[in-house]
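Q: Sequence first, predicted model second:
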Amino acid sequence: MTKKHRIILAVGIVALLGAVWLTFGSLPADQVHQNRGHTLEDAHEYVAGRAQWVADEQSRVLGLSLGAEGPSLGAWAFAAASLIPLPEGTSEMVWSVTRDEQVVVFSGNGRWRGFELVARWAFVQGDPQTRLTIQIKNVALGGLDEDVVGHVEVPAESFSFVDESFRLVQGDPGTPLGRARWVRWRRGEEYLTLSSPSADDVTLVTEEGVVRLEFAFWRQSKRGALQRCLADHLGVVDLEVSMHLTVGPMLPVAASNLPSGYVAALVPVFTNPGQQVGLRGQAAAQNAQDWLSRAKTLIHGHSSSEDPRFGNGGLLGANFGGTVTVPALWWHEPEVQALVSALDGSNVELAIEGPGESAALWMGDVSRCEEVLLAFSESPGVLLYGRGDEAPATAPASGSLRGLSTIASPRQLDGRREALVETVFSQAALHELVERRAIDWFAAPLVATRNPLLAASQDSLLEPERGGSWTLHADLSRAFARAELLRETERLLITSASSLSRYWQGAQGVAIWQSPEGFLVTHLPGESSLKGFSLVVAAPSTLVAAGPTPAGLGVAHSSGTSTYWWDLPPGERSILGVDVADEAARLRPIRWKFEE
């Protein structure tokens, strides 16, 4: 296992998914005209990955203007909408515009409670799809003691949205609302679509005929003890939201949070039993060799490579992924490192239980603040942390804590075998997980003992055999078999923490657009490819010819949605031909006309 795939872990863990955004960069208001070329250069780089739209004399003309309150669109059905979600408390906002024949970029510079705020809204000639980003820069982490929220408000006759489970919901005043991945409003014959929202969370509410979309730059309840621990160490954070705003009825599409068309996932972390289950000394490994035998059994189905059951069971035998923790005291033992190397390239990983090593992913107990600070000194790409008695955080959130891209929230199981086998891996629980298109991060103590007189033997996940060997307990083997069946029939993923976080990190930079032909266009910036990138179209759809077939293309249809996945090449566009059989979902070119 290479260093970048290594994990550090201390028991008591929780999580939150972060995000990375594409922006035009920031320029102070008094520098906009002096740096006009730089702003347009950023904009043209951003345009490069998009499909080219051509507006002609027959195309609709929509005016763009800049007033004291900021940019606005001309006479159209949504002229009364408030589309720029500046956070409450914004002041001293000054707007300017830079443009050429291809792009128009509105730039806003102001203050939020004394901190610099920068907004960018970009329009590309002919393209009805626009990009809006807002960033609050260098905010003192210790001073963030409440939510930071802005709103998009749209008067509309009707609306629809893609909910957290990727279902397309037709909204009305009585519709239960919540987190949204895509929203389309309608007034008369006109549509406005909001897609690819990125924020701590994005929530829909309705109020007296107005549909309000709440963008959280910062959700205080998601940080809690971590924020208190890191305030002095990190000093400042950047807060950002972004979205696409489209004049017209864009396809109901959203990027999946799982790769390769999987609709739900289990992310297991197996820990050495600790005091939280009262079993240390009864059920925990006593030395490196003891731990190694237990870990091999969980991973391969048996502790001895000479046994025919070795490799035919366990996590790898079922083609599962997962994370198994190693107490830091034993990490450098030669046989432990041999297992690390043997697992390199698989979907099972070993994690360090406790501080002391650099890692791409770190797990720790936030009550031991010194361990968290040590992890930050190693600049991890991912952080999982304990929150004591605070409620677990499960919603997507910004990764604005010093470049972190993933903070995740496994729930801690109590060490009872029943809690794992009958709660996590039961047929009902697995089907419910798939139905909700959810991700279940959980941490389970690897309870095992050779003494049948001890209470821990009732909850052992392993069964002892002669000669010091172990095999999986029959209950756990049956639980794995149930999940293995659902993996293929219901697209259930069982993966490791690092594997999922690496997919998130790769997928966060992908731009998603609609082409003039109605096809979906994706662009992956950078120099790394992304395997199994997944899009969900929240409507019945079919594939149609759109040029070369993307590599690794797959499709799955379920409950009125279609999931497509393929491999994205770095720095290139990919085109996916999708037919939703809905004429209302076609976009038309727009001639943007800036009005002085």
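A: Alright, I've got the coordinates.

Q: what ranges do the strands span in the stretch 251-400 of the chain?
A: Assigned by DSSP state E, counting those that start in this stretch, the strands in the stretch 251-400 of the chain fall at 253-255, 264-271, 322-327, 348-353, 361-365, 382-386.

Q: Gln286: how many residues sit nearby?
A: Close neighbours of Gln286, defined as other CB atoms under 10 Å, add up to 8. Every C-beta, even on glycine, is put in place using the N, C-alpha and C of the backbone.

Q: ugh, wrong one, I meant Ala448
A: Ala448 has 26 neighbours, counted by other CB under 10 Å.

Q: Kindly indicate whether it is helix, strand or coil.
A: Here Ala448 is recorded as coil under DSSP: H, G, I helix; E, B strand; the rest coil.

Q: Next one: the closest residue to it other than its chain neighbours from Tyr564, what distance?
A: Of all residues not flanking Ala448 in the chain, Leu462 sits nearest, at 4.0 Å (CB to CB, 6 or more residues apart in numbering). Using CB to CB, to the nearest Å, Leu462 is found at 41 Å from Tyr564.

Q: ends of stretch 196-205, how far apart?
A: Distance across stretch 196-205, first residue to last, is 18 Å (CA to CA, to the nearest Å).

Q: what comes into contact with it?
A: The contact list for stretch 196-205 (CB atoms under 8 Å, 6 or more residues apart in numbering) reads 19, 21, 161, 171, 177-183, 211-219, 222, 240-244, 254-255, 395-398, 511-512.

Q: So which of those residues sit within helices?
A: With helices defined by DSSP state H, no entry of the contacts of stretch 196-205 lies inside them.

Q: Sort out which of those residues are buried, if you could.
A: The neighbour-count test (16 or more other CB atoms under 10 Å) marks 19, 21, 161, 171, 177, 179-183, 211-219, 222, 240-244, 254-255, 395-398, 511-512 as buried among the contacts of stretch 196-205.

Q: C-terminal to the lengthiest helix in the chain, which secondary structure element comes first?
A: Under DSSP H, the helix in the chain containing the largest number of residues is helix 474-489. Remark: after helix 474-489, the chain's next helix or strand is strand 492-494, criterion DSSP states H and E.

Q: Tell me the strands beside that following strand, with direction?
A: strand 264-271 (parallel) (DSSP bridges).

Q: mind checking how far the partner strand is from the chain centre?
A: How far strand 264-271 lies from its chain's middle: 16 Å, per CA atoms, centre = their mean, to the nearest Å.

Q: would you put the C-alpha positions of it in CSV?
A: The C-alpha coordinates for strand 264-271 follow below in CSV (Å, rounded to 0.1, in the frame of the first residue of the first chain):
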residue,chain,number,x,y,z
ALA,A,264,-26.1,2.6,-2.4
ALA,A,265,-23.1,1.7,-0.4
LEU,A,266,-21.8,0.2,2.8
VAL,A,267,-18.4,1.6,4.0
PRO,A,268,-17.3,-0.7,6.9
VAL,A,269,-14.4,0.1,9.3
PHE,A,270,-13.4,-2.8,11.5
THR,A,271,-11.6,-1.6,14.7
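
Q: okay, the angle between that strand and helix 474-489?
A: Here strand 264-271 runs at an angle of 150 degrees relative to helix 474-489 (axes from the mean of the first three to the mean of the last three CA atoms, to 10 degrees).

Q: can you give me the mean pLDDT across strand 264-271?
A: Here strand 264-271 scores 91 as its mean pLDDT.

Q: just stretch 88-99 next, same as before
A: On average, stretch 88-99 scores 93.

Q: For it, list the C-alpha coordinates in CSV.
A: Extracted in CSV, the C-alpha atoms of stretch 88-99 (Å, rounded to 0.1, in the frame of the first residue of the first chain):
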residue,chain,number,x,y,z
GLU,A,88,-27.2,37.5,5.2
GLY,A,89,-25.0,40.3,6.5
THR,A,90,-23.4,41.2,3.1
SER,A,91,-22.4,44.9,2.8
GLU,A,92,-20.4,47.3,0.6
MET,A,93,-21.2,45.2,-2.5
VAL,A,94,-19.8,46.8,-5.7
TRP,A,95,-20.4,45.2,-9.1
SER,A,96,-18.6,45.6,-12.4
VAL,A,97,-18.5,43.8,-15.8
THR,A,98,-15.9,42.6,-18.2
ARG,A,99,-16.8,41.2,-21.6
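
Q: List the contacts of Arg184.
A: Under the criterion of CB under 8 Å, 6+ apart, the neighbours of Arg184 are Phe159, Ser160, Phe161, Tyr191, Leu192, Thr193, Leu194, Pro249, Met250, Pro252.

Q: Can you give me the buried ones in stretch 543-562?
A: Here stretch 543-562 shows Ala546, Pro550, Val555, Ala556, Ser558, Thr561, Ser562 as buried, counting by 16+ other CB under 10 Å.

Q: For the residues you listed, work out which two are farthest apart.
A: By the measure CB to CB, Ala546 and Ser558 form the most distant pair in the buried residues of stretch 543-562, at 22.6 Å.

Q: Quick check: the closest residue to Arg450 other than its chain neighbours vs Asp290, distance?
A: Counting by CB to CB, 6+ apart, Arg450 lies nearest to Pro464, which is 4.4 Å off, once chain neighbours are set aside. Distance of Pro464 to Asp290, given as CB to CB: 12 Å.

Q: what do you get for Phe425?
A: Per CB to CB, Phe425 is found 25 Å from Asp290.

Q: quick one: which of these two has more around it?
A: With neighbours defined as other CB under 10 Å, Phe425 and Asp290 compare such that Phe425 has more, 21 against 17.

Q: looking at the protein, which helix or strand is least sure?
A: Lowest mean confidence among the helices and strands of the chain (mean pLDDT, DSSP states H and E): strand 15-17, at a mean of 28.

Q: Could you list the low-confidence segments of the stretch 1-150 of the chain?
A: For the stretch 1-150 of the chain, the stretches flagged by pLDDT under 70 are 1-51.

Q: can you pull out the helices in it?
A: Ranges of helices within the stretch 1-150 of the chain are 36-47, based on DSSP state H, counting those that start in this stretch.

Q: quick one: terminal-to-terminal distance for stretch 185-201?
A: Separation of the first and last residues of stretch 185-201 by CA to CA is 20 Å.

Q: residues of it that come out buried?
A: 185-187, 191-201.

Q: Any chance of those residues in JSON lines with pLDDT, secondary structure and distance to His473 as columns?
A: Formatted as JSON lines, those follow (pLDDT from 0 to 100; DSSP: H, G, I helix; E, B strand; the rest coil; distance: CB to CB, whole Å):
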{"residue": "Trp185", "pLDDT": "91", "secondary structure": "strand", "distance to His473": "54"}
{"residue": "Arg186", "pLDDT": "89", "secondary structure": "strand", "distance to His473": "56"}
{"residue": "Arg187", "pLDDT": "89", "secondary structure": "strand", "distance to His473": "61"}
{"residue": "Tyr191", "pLDDT": "92", "secondary structure": "strand", "distance to His473": "56"}
{"residue": "Leu192", "pLDDT": "94", "secondary structure": "strand", "distance to His473": "56"}
{"residue": "Thr193", "pLDDT": "94", "secondary structure": "strand", "distance to His473": "51"}
{"residue": "Leu194", "pLDDT": "94", "secondary structure": "strand", "distance to His473": "50"}
{"residue": "Ser195", "pLDDT": "93", "secondary structure": "strand", "distance to His473": "47"}
{"residue": "Ser196", "pLDDT": "91", "secondary structure": "strand", "distance to His473": "45"}
{"residue": "Pro197", "pLDDT": "90", "secondary structure": "strand", "distance to His473": "45"}
{"residue": "Ser198", "pLDDT": "87", "secondary structure": "strand", "distance to His473": "43"}
{"residue": "Ala199", "pLDDT": "86", "secondary structure": "coil", "distance to His473": "44"}
{"residue": "Asp200", "pLDDT": "82", "secondary structure": "coil", "distance to His473": "41"}
{"residue": "Asp201", "pLDDT": "83", "secondary structure": "strand", "distance to His473": "39"}
